[in-house]
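Chemist: Provided below for reference: sequence and predicted model.
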Amino acid sequence: EVQLVESGGGWVQPGGSLNLSCTVSGLRLNDYFIGWFRQAPGKVREGVACIHSIDDSTFYKDSVRGRFTVSSDNAKNTVYLQMKNLNPADTAVYYCTAERGGYYCSGLVSRFDYSGQGTQVTVSS
């Protein structure tokens, strides 16, 4: 059984940082593109970042490039999303996803083979 479990969400003031983790079981990270998506209330789910750990290729939404960093630790079967200089527009439920092939993940399109349940990130003063 494939499982993706996100953790690390919470509340932070504008300008603050959070580090999210996605622990994966039931599949090999090298065989999949792992994406981070987010969904704010009343909005569609949008792609934030994507990584293919076999060659460390990464893809970012323009508004987070330079603030967010996606990385993976294959030994721990975990993918991370480091988020810095957060602002209220980053408030959303963050999901990690897995897609074999990466066609959608690399384009930050919300189609995938597996998804986690999400973790809430709230940025407010």
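Modeler: Looks like it arrived, so ask away. This one's a predicted model, so the numbers in the text were calculated from it and none came from an experiment. Numbers count the residues shown, from 1 in each chain.

Chemist: contacts, neighbours, all on C-alpha from now
Modeler: OK.

Chemist: can you show me the CA trace of stretch 47-67 as CSV?
Modeler: Extracted in CSV, the C-alpha atoms of stretch 47-67 (Å, rounded to 0.1, in the frame of the first residue of the first chain):
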residue,chain,number,x,y,z
GLY,A,47,1.4,23.3,-7.9
VAL,A,48,4.1,24.8,-5.8
ALA,A,49,7.2,22.6,-6.4
CYS,A,50,8.2,19.2,-7.8
ILE,A,51,11.3,17.1,-7.6
HIS,A,52,12.7,14.0,-9.3
SER,A,53,15.2,12.6,-6.9
ILE,A,54,17.0,10.5,-9.5
ASP,A,55,18.7,13.6,-10.9
ASP,A,56,17.5,16.2,-8.4
SER,A,57,15.7,18.1,-11.1
THR,A,58,13.3,20.6,-9.5
PHE,A,59,10.5,22.8,-10.7
TYR,A,60,8.9,25.8,-8.9
LYS,A,61,5.9,28.0,-9.1
ASP,A,62,7.2,31.5,-10.0
SER,A,63,5.8,33.1,-6.8
VAL,A,64,7.7,30.8,-4.5
ARG,A,65,11.0,30.5,-6.4
GLY,A,66,13.8,31.8,-4.2
ARG,A,67,11.7,31.4,-1.1
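
Chemist: which strand or helix spans the residue most central in space within the chain?
Modeler: With distances taken as Cα atoms, centre = their mean, the chain has residue 36 as the residue nearest its mean C-alpha position (2.1 Å). Per DSSP states H and E, residue 36 falls inside strand 33-39.

Chemist: ok, and what's touching the following helix or strand past that strand?
Modeler: Downstream of strand 33-39, the first helix or strand assigned by DSSP H and E is strand 46-52. Residues from elsewhere that reach strand 46-52, judged by Cα atoms under 8 Å, 6 or more residues apart in numbering: 29-30, 32-39, 57-61, 64, 70-72, 102, 105-106, 108-110.
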